[in-house]
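Colleague: Quick one: sequence plus predicted model below, questions after.
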Amino acid sequence: MNTATIAIEPPLQTAPLKRRRDALLGRHAQFLLYALIGVGALVVDVSIFAILALGTAWHPLLAHTVSTAVAAIVSFLANSYINFRVTDRLLLRFVSFGVVVFIGYVVSSVVIGVGIDIFTLDPLLAKAISLPIVLVLQFTLNTRITFKSTHERTLP
């Protein structure tokens, strides 16, 4: 009797595709973690807002202010310690982060306003359109300003 051995080989492209995927993830890991932290901050924001605005007698705008502030603090701390790993000059970085949050707020307000008033979009669709724009804008500003390592900074 002749017994034949059957060799099972992985697809030829598996290793190159895996390397390409890993390289792509490696290049964008900081952005992906930034987005993930943003989702976590959004959950904090909406949860606190719901508790304060729906579960108590707080006015919705006051609840929105508190929930947004807490979510911004959570996002700042997570990005400082986990994502960008820069913890020096935290107060200055926090002020910078706040300015970036405000810039994102203004840009999203413009996108939402234009979407609703000019293009007659549904408000939720206009808000959804603003999210990726603000995500990329804030990531870019925070990477280049707020969370830039002191080793990367050049003095004038």
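Modeller: That came through fine. Residues are numbered from 1 along each chain as shown.
Colleague: Run through the protein and note the low-pLDDT ranges.
Modeller: Applying pLDDT under 70 to the chain flags residues 1-13, 24, 151-156.
Colleague: per-domain residue ranges of it.
Modeller: Using automatic domain parsing, the domain parsing of the chain gives 28-85, 88-148.
Colleague: closest to Pro16 out of the ones you listed?
Modeller: domain 28-85 (18.8 Å; Cβ to Cβ). The C-beta positions use only the backbone N, C-alpha and C, and glycine is treated the same way.
Colleague: Now the terminal residues of that closest one, how far apart.
Modeller: 16 Å (Cα to Cα, to the nearest Å).
Colleague: about what we covered before: tabulate the domains of the chain (JSON lines), appending mean neighbour count.
Modeller: Putting these into JSON lines (neighbours: other Cβ atoms under 10 Å) gives the following:
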{"stretch": "domain 28-85", "mean neighbour count": "15"}
{"stretch": "domain 88-148", "mean neighbour count": "15"}
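Colleague: nearest to Asp22, of these?
Modeller: domain 28-85 (10.1 Å).
Colleague: Next, the contact list for Phe97, please.
Modeller: Residues near Phe97 by Cβ atoms under 8 Å, 6 or more residues apart in numbering: Ala72, Ser75, Phe76, Asn79, Asn142, Thr146.
Colleague: Just the ones of those in helices?
Modeller: Ala72, Ser75, Phe76 (DSSP state H).
Colleague: what about the spatially closest residue to the second one that is not a sequence neighbour, which helix or strand?
Modeller: If I follow you right, that is Ser75. Computed as Cβ to Cβ, 6 or more residues apart in numbering, the closest residue to Ser75 that is not its neighbour in sequence is Ala41, at 3.9 Å. Assessed by DSSP states H and E, Ala41 sits inside helix 14-55.
Colleague: now that helix, how far from the chain's geometric center?
Modeller: 6 Å (Cα atoms, centre = their mean, to the nearest Å).
Colleague: what's the answer for stretch 113-126, then?
Modeller: Counting by Cα atoms, centre = their mean, stretch 113-126 comes out at 23 Å from the chain centroid.
Colleague: which ones are touching Thr150?
Modeller: Thr150 neighbours (Cβ under 8 Å, 6+ apart): Val86, Asp88, Arg89.
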